[in-house]
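Undergrad: Whatever this is, show me its structure:
(one chain, ligands or ions: 1)
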Amino acid sequence: MKITVAGGAGYIGSHVARRLVEAGHEVVIYDNLSTGNRSSVPAEATFVHGDVSDPLASRKVLAGSDALIYLAAWKAAGESMTDPVKYSRNNLQATLSFLDAAHDAGVKYVVFSSSAAVFGEPKYLPIDEDHPKDPTNYYGFTKLEIERVLAWYDRLLGLKSACLRYFNAAGYDPAGRITGLERNPANLIPVVMEAACGVRAKVQIFGNDYDTHDGTGVRDYIHVTDLAEAHLMALEYMEKGGKSFVVNLGTGKGLSVLDVVNSAAKFSGRDVPYQIVGRREGDPAALWASGEKAKELLGWVPRHSDVDTIVSTTWAAYKANGLVR
Ligand code: WQD
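TA: Down below sits the predicted model:
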């Protein structure tokens, strides 16, 4: 198939694009490079520099595409609460504009990058697809709204879609082919890497008084290689006649902040400086997914999402960027 990957120069998008190229698809990357890295785009893919909010450029790039993988959105939950209009413009208005351009261009299948943030505070664990959706941040609200639009577009337009709710995306291509780092990261794993490299003075651990095995926050870290595989499986499922669906993508178990810090110390051979500070507003103590539906529907099984593979492949990316002195 000819597949447009909107946001395909980004951290997750570039791993997805590479997997689609490996599977023999014709891949067009559409990205404004606001956060992505041009160097992360596979050589076999066609790169088109542009913004999803541009209707004419969107129609042009989507011409002839059978499928769309949509990953072009802002994803900082905290920022979405202080600058909601930025998230309305990109995650809602521009996303809807691009989906409409995709439908006009005759695209048949959409794989949408959604998030665990649609659930909000966990009512039970592991979080399955039936868990109540009550986002606690505007970012999660924007993801849930697009999921709802896609359900209507399936019903009214016959536009098939797969909404994939990522839990905490992490890790890097084990073969080292993608090494683009996030600029000014706020997520735990890049912050820990920067502290291990000495690029950052220390990790601020947001609370160690949670009801978890070591008191620090627990999350379901899913390797981007496993996420990329799920995107390919979702496309193949719909192409073979499968109906639209929504699945959670997580490992079914959680890792604590200190689990990550300890693994980083092991692979870096250094002490990772950290300081325990107060809890971050809005943080649940623990959050992890049930991946059972993705396994039943797609046969998807995460194989790279153990803490050591996640941390060691990330450390390798920091070394490849010359940050390990
Ligand atoms: C992980 C754990 C923190 C930074 C966010 C978004 C979510 C999704 C994934 C896109 C928590 C702790 C973190 C630090 C810390 N994004 N932490 N010190 O908040 O689980 O999820 O990213 O889909 O929508 O909300 O990820 O990496 O910020 O935090 O102690 O400097 O690490 O308290 O327990 P989070 P995170």
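Undergrad: need the residues of this protein near the ligand, please.
TA: 75, 77, 115, 117, 139, 166, 168, 186-188, 191, 203-206, 217, 219, 257, 280, 283 (C-beta under 6 Å from any ligand atom). Bear in mind the C-beta positions are built from the backbone N, C-alpha and C, glycine included.
Undergrad: let's see 5 Å
TA: Taking C-beta under 5 Å from any ligand atom as the criterion, the neighbours of the ligand within the chain are 75, 77, 115, 117, 168, 187-188, 191, 205-206, 217, 219, 257, 283.
Undergrad: and which of those is nearest to the ligand?
TA: Checking these against the ligand with C-beta to the nearest ligand atom, the nearest one is residue 217 at 2.2 Å.
Undergrad: Tell me who's in contact with the closest one.
TA: 206-207, 210, 256-257, 283-286 (C-beta atoms under 8 Å, 6 or more residues apart in numbering).
Undergrad: Find the nearest non-adjacent residue to it, please.
TA: Counting by C-beta to C-beta, 6 or more residues apart in numbering, residue 217 lies nearest to residue 257, which is 5.3 Å off, once chain neighbours are set aside.
Undergrad: quick one: the one you found and residue 212 touch, right?
TA: No: if you go by C-beta atoms under 8 Å, residue 257 and residue 212 don't touch, sitting 9.1 Å apart.
Undergrad: The two: who's more crowded?
TA: The neighbour comparison of residue 257 against residue 212 (other C-beta atoms under 10 Å) goes to residue 257, with 24 against 18.
Undergrad: Helices of the stretch 51-200 of the chain, start to end?
TA: Counting by DSSP state H, counting those that start in this stretch, residue ranges of the helices within the stretch 51-200 of the chain are 55-62, 77-82, 84-87, 95-104, 138-157, 188-197.
Undergrad: tell me the most buried of those?
TA: Stretch with highest mean neighbour count among those: helix 188-197 (a mean of 23; mean count of other C-beta atoms under 10 Å).
Undergrad: How far away from the center of its chain is that one?
TA: Helix 188-197 has its C-alpha centroid displaced from the chain centroid by 18 Å (C-alpha atoms, centre = their mean, to the nearest Å).
Undergrad: Show me what that helix packs onto, helices and strands only.
TA: When contacts are defined as 3 or more C-beta pairs under 8 Å, 6 or more residues apart in numbering; DSSP states H and E, helix 188-197 packs onto strand 203-206, helix 257-268, helix 307-320.
Undergrad: where does this protein have its least confident helix or strand?
TA: In the chain, no helix or strand scores lower on mean pLDDT, DSSP states H and E than helix 77-82, which sits at a mean of 93.
Undergrad: mind exporting that one as CSV, just the C-alpha atoms?
TA: Taking Å, rounded to 0.1, in the frame of the first residue of the first chain, the C-alpha atoms of helix 77-82 are listed here in CSV:
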residue,chain,number,x,y,z
ALA,A,77,0.0,16.9,29.2
GLY,A,78,1.2,19.6,31.5
GLU,A,79,1.6,22.1,28.6
SER,A,80,-1.9,21.3,27.4
MET,A,81,-3.2,22.7,30.7
THR,A,82,-1.3,26.0,30.4
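Undergrad: Number the chain from 870, please
TA: Got it, first residue is 870 now, which makes that one helix 946-951.
Undergrad: Other residues contacting that helix?
TA: In contact with helix 946-951 (C-beta under 8 Å, 6+ apart) are residues 943, 955-956, 986, 1006-1009, 1011, 1055, 1151.
Undergrad: residue contacts, the residue nearest to residue 1086?
TA: Each residue near residue 1126 by C-beta under 8 Å, 6+ apart is listed here: 1057, 1074-1075, 1085-1086.
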